[in-house]
Structure formats: structure tokens, C-alpha cells
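>>> quick one: sequence and predicted model below, then my questions.
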Amino acid sequence: MHVTALSLTDFRCYAQVDLELRPGITSFVGQNGQGKTNLVEAVGYIATLDSHRVATDAPLVRLGAERAVVRARIERDARETIVELEINPGRANRARINRSPVPRPREVLGLLRTVLFAPEDLALVKGDPSERRRFLDDLLVARAPRMAGVRSDYERVLKQRNALLKSASAARRGGSGSSDVLRTLEVWDSHLSTLGAEILAARLDLVDALAPLVDKAYDTVSSGAGPAALAYVSSLGADVDLVPDRAALVDQLLAGIERRRKEELDRGVSLVGPHRDDLLLKLGPAPAKGYASHGESWSYALALRLASYDLLRHDGSPGGEPVLILDDVFAELDSVRRSRLAGIAAEAEQVLITAAVAADVPDILVGDRVDVLAGTVSRG
């Protein structure tokens with residue numbers, strides 16, 4: 001699987017750019033603020049419908065424009081597919097596949113798979129649980145695109161349930177409890193548990209598959225202390241034995257909700273479910289967060305991405321291995337980590353690299369070069 005062409009209209013700093021790409025290694029070289037990361041961000045957006053840099057779509061649209069268009073031509077299994085996304089902040093985005101509209105943008109998920117490593121990935125180790133939940137769920141969708149719909153449905157149910165809890169909490173404080181509200185809440189409990197069990201089961205399977213690959217990748221890229229291990233931390237509590245069985249998990253989630261019913265009503269928020277879970281990253285006997293050095297944290301973040309890449313390469317999905325994107329990372333790594341990462345990347349079908357100067361790219365990864373200056377691109 002690789003991208004053969006990328007076209008952007010009013011995306012970030014680009015009024016219009018059209019770029020042909022080839023398999024193998026392509027480096028986008030330019031000083032900070034010139035637009036090189038915008039190019040790989042667009043490729044990542046085609047694959048995930050999300051940006052690794054911002055939480056909303058509005059910053060992706062060039063200042064003064066109403067919308068942005070990202071188009072990619074993808075070759076997989078010797079067949080070409082054109083994917084086009086129209087980004088409309090404040091309105092529904094639109095998507096086309098081979099120039100034909102599709103009902104929802106998420107229909108494009110799975111046509112292109114990417115693994116992107118960027119400086120922002122330090123947040124996977126040092127940041128809040130939401131960063132690690134997003135990492136797991138993005139990888140779930142990359143493996144099984146239908147999980148995007150499950151995530152969307154879960155977020156919708158969670159929003160509705162939280163609104164109901166907030167109303168119930170206000171009513172309780174005013175001394176006007178309502179049995180109707182509680183009966184309605186039980187319906188949303190069922191919806192939340194059913195969808196939550198599907199997400200939780202998929203996450204547990206994923207962590208089980210990912211854990212040995214993370215340890216292997218950490219050992220490859222780091223000379224620091226190990227081993228690197230993963231553990232899933234559930235809002236159900238450490239005493240609950242979690243197994244990836246959906247029916248059992250539905251029952252466990254319902255029981256957990258019932259145990260914390262009073263607390264939820266007091267606080268007006270849902271306290272049980274995959275939206276409250278975390279992924280514990282361990283380095284030796286200690287959690288990486290708070291204990292790992294800066295270099296070890298970098299190695300752990302890199303190990304998570306390389307393990308994801310390894311998993312997607314060998315998961316049997318059609319289309320071949322994902323595109324590997326390395327966004328401005330070599331300048332942040334010491335010589336040992338640079339060399340080890342370069343050795344892994346050199347074997348990928350397609351690698352897209354951004355760098356401030358060409359010297360940041362290891363010699364083993366010298367390939368096509370695209371110079372980026374003030375929102376214009378030229379072959380180096």
C-alpha cells in the first residue's frame with residue numbers, strides 16, 4: 001500500500017499543491033513553519049479523519065477559505081483508488097471514493113492505513129489517560145474500520161447519558177427526585193454497557209496482541225532499562241477480572257454502573273465505561289509516567305508506534321503494510337535511536353519523512369527529496 005499522488009486545496013498554508021509520490025522513501029525538507037508537516041498531516045487525515053496536531057478541523061482550513069479539500073491516489077493490491085475529503089468546519093464534512101460521493105466520511109477508513117510518529121507522541125507516555133485511550137482506539141479503527149461507528153455511537157450515548165445525569169443531579173439537589181428519570185437512565189445504562197463492552201473487548205484483545213511487540217520494539221530502539229510492558233486499567237476496578245467476552249463485559253459494566261449509581265447522580269457524570277479507562281505503560285517494575293527519563297520516554301513512545309506498525313503489517317488485512325510517517329523526529333533522537341529507527345524504516349514499503357535540514361535524515365533513508373518553502377514544493 002502506498003500513496004501515489006497527493007492534492008491539497010486550501011489546506012493549512014496551501015492554496016493549491018499537487019504532488020506525485022513513489023514507493024520507498026520521500027523526505028520533505030524545510031525550515032519550521034514552511035509547510036512540510038502539513039503535507040504528512042494531510043496524508044494522516046486521509047487515513048484517520050483526524051489530525052495529530054489539532055483537536056478540531058477549523059485550523060486545517062487555510063485562513064480566509066471556507067473549506068479545504070484533501071485528495072489522495074492510493075495504490076493497494078495493484079489497484080488505484082482516489083479518496084477525496086472535503087473539510088467544512090461547523091458543517092458536515094464530505095467524502096468521495098473514485099469521485100463518487102459516499103454517505104459518511106468514515107466510509108473511507110481502511111482504504112489507507114498509516115502509522116505516524118511525531119514529537120507530540122511524548123504525550124502517550126507523559127500525558128493524560130485520554131492520549132492513551134485515543135492511541136488504542138485509533139489503532140482499533142485501523143485494524144477494523146467498523147469500530148469507528150461503534151466509537152461514534154458510544155460517544156453519542158455517553159453524551160446523552162451525561163446530560164440525563166446532570167439533570168437528575170440538579171433535581172436531587174432541588175429535592176425533586178424523579179422515578180421517570182431513573183427509569184430513563186436504566187435504558188441508557190443498557191446502551192452504554194452494550195457499546196462499551198464491544199470497545200472494551202476490542203481493546204483487551206488489542207493490548208494482548210500489542211504487548212509483546214512493544215517490548216520487542218523498546219528493546220530494539222533503546223539501550224535503557226526494560227522490559228516494557230502494558231496493562232489495561234479499567235474503571236471497573238482492579239479486583240474485576242476482565243476477559244474479552246462481550247456478554248460477560250456487558251454484565252460487568254452494568255454491575256459497575258449500579259455500584260456507583262449514587263456517586264454518578266451526585267456528580268452528574270458517567271464514571272464507569274471505557275471512556276474512563278487507561279493504558280498503564282510500565283518500564284521494569286515502575287510506571288513509565290513519572291519514572292522514565294526523557295530518553296526512555298522517547299523510546300517508549302517510539303516503541304508504541306513501531307509496535308503498531310508491526311501489528312498492522314502482519315494482521316492479514318488486505319492492501320499490505322501501512323505507510324510509515326516520521327514527522328520531524330530524527331532531530332529529537334540521539335545517534336543510537338536514530339540509527340535503530342532508520343534501520344526499521346528502511347524496510348517499509350513507503351516512508352514519508354519531514355526534516356528541517358537534509359542532514360537530519362540518516363544516510364540509509366536517503367531517497368526522493370521534496371523541498372518545502374513558504375507553502376510551495378519542489379523536487380530536490
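That came in fine, so what should we check first?
>>> quick check: which element contains the closest residue to residue 366 other than its chain neighbours?
Nearest residue to residue 366, sequence neighbours excluded (Cβ to Cβ, 6 or more residues apart in numbering): residue 25, at 7.3 Å. (Glycine included, C-beta is placed from N, CA and C.) Counting by DSSP states H and E, the element that carries residue 25 is strand 24-29.
>>> can you list the buried residues in that strand?
Within strand 24-29, the residues that count as buried by 16 or more other Cβ atoms under 10 Å are 25, 26, 27, 28, 29.
>>> ok, now stretch 207-221?
By neighbour count with 16+ other Cβ under 10 Å, stretch 207-221 contains the buried residues 207, 210, 211, 213, 214, 215, 216, 217, 218, 220, 221.
>>> in helices only, show me those.
Restricting those to those inside helices, with DSSP state H as the criterion, leaves 207, 210, 211, 213, 214, 215, 216, 217, 218, 220, 221.
>>> run a quick neighbour tally on the closest residue in space to the second one that isn't next to it in sequence.
Pointing back at residue 210 there. Nearest residue to residue 210, sequence neighbours excluded (Cβ to Cβ, 6+ apart): residue 307, at 5.5 Å. Taking other Cβ atoms under 10 Å as the neighbour definition, residue 307 ends up with a count of 24.
>>> dump the strand or helix carrying residue 307 to CSV, restricted to CA.
Following DSSP H and E, one finds residue 307 within helix 294-313. Extracted in CSV, the C-alpha atoms of helix 294-313 (Å, rounded to 0.1, in the frame of the first residue of the first chain):
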residue,chain,number,x,y,z
HIS,A,294,13.3,11.9,28.8
GLY,A,295,15.2,9.5,26.6
GLU,A,296,13.4,6.5,27.9
SER,A,297,10.0,8.3,27.4
TRP,A,298,11.0,9.0,23.8
SER,A,299,12.0,5.3,23.3
TYR,A,300,8.7,4.2,24.8
ALA,A,301,6.6,6.5,22.6
LEU,A,302,8.6,5.2,19.6
ALA,A,303,8.1,1.6,20.7
LEU,A,304,4.3,2.1,20.8
ARG,A,305,4.3,3.4,17.2
LEU,A,306,6.7,0.8,15.9
ALA,A,307,4.7,-2.0,17.6
SER,A,308,1.6,-0.6,15.9
TYR,A,309,3.3,-0.6,12.6
ASP,A,310,4.5,-4.2,13.1
LEU,A,311,0.9,-5.3,14.1
LEU,A,312,-0.7,-3.7,11.1
ARG,A,313,1.9,-5.2,8.8
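>>> just to revisit the earlier point, following the strand holding residue 25, which helix or strand shows up next?
Once strand 24-29 ends, the next helix or strand along the chain (criterion: DSSP H and E) is helix 36-48.
>>> what packs against the next helix or strand after that next one?
Next along the chain after helix 36-48, taking DSSP H and E as the criterion, comes strand 68-76. Using 3 or more Cβ pairs under 8 Å, 6 or more residues apart in numbering; DSSP states H and E as the contact definition, the elements that strand 68-76 packs against are strand 2-11, helix 36-48, strand 79-87.
>>> could you give the angle of the second one to strand 79-87?
Read that as helix 36-48. Between helix 36-48 and strand 79-87, the angle formed by their directions is 110 degrees, by axes from the mean of the first three to the mean of the last three Cα atoms, to 10 degrees.
>>> now do helix 36-48, average pLDDT.
Mean pLDDT, taken over the full extent of helix 36-48, equals 96.
>>> next, the angle from that helix to strand 2-11.
Using the same axes, to 10 degrees, helix 36-48 lies at 110 degrees relative to strand 2-11.
>>> re the thing from before, distance of the residue nearest to residue 366 relative to residue 33?
Counting by Cβ to Cβ, to the nearest Å, the gap between residue 25 and residue 33 amounts to 24 Å.
>>> so what sits opposite the residue nearest to residue 366 in the bridge?
Counting by DSSP bridges, residue 25 forms beta bridges with residue 351.
>>> next: residue 370.
According to DSSP bridges, residue 28, residue 379 are recorded as the beta-bridge partners of residue 370.
>>> residues touching it, list them.
For residue 370, the set of contacting residues under the criterion of Cβ atoms under 8 Å, 6 or more residues apart in numbering consists of 19, 26, 27, 28, 29, 39, 377, 378, 379, 380.
>>> the closest residue to residue 87 other than its chain neighbours and residue 164, how far apart?
In this structure, residue 87 finds its nearest non-sequential neighbour in residue 68, 4.4 Å apart by Cβ to Cβ, 6+ apart. When Cβ to Cβ is the yardstick, residue 68 and residue 164 sit 36 Å from each other.
>>> follow-up on the earlier one: nearest to residue 241, of the helices and strands packed on strand 68-76?
The closest of those to residue 241 is helix 36-48. By Cβ to Cβ, the value is 32.8 Å.
>>> count the neighbours of residue 189 for me.
20.
>>> er, residue 375 actually
Other residues within reach of residue 375 by the criterion other Cβ under 10 Å amount to 18.
>>> list the contacts for it?
13, 14, 15, 17, 34, 35.
>>> for PyMOL, what selects the buried ones among these?
One line in PyMOL is enough to select the buried members of those, burial here meaning 16+ other Cβ under 10 Å:
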select buried, resi 13+14+17+34+35
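>>> could I get the contacts of residue 375 as CSV with distance to residue 260?
Formatted as CSV, the entries for the contacts of residue 375 read as follows, by distance: Cβ to Cβ, whole Å:
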residue, distance to residue 260
13, 48
14, 49
15, 52
17, 51
34, 51
35, 48
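>>> out of the contacts of residue 375, which is nearest to residue 195?
Where the contacts of residue 375 are concerned, and distances follow Cβ to Cβ, residue 195 has its nearest neighbour in residue 14, at 38.1 Å.
>>> could I get the buried residue list for stretch 150-160?
Counting neighbours by 16+ other Cβ under 10 Å, one finds that the buried residues in stretch 150-160 are 150, 151, 154, 157, 158.
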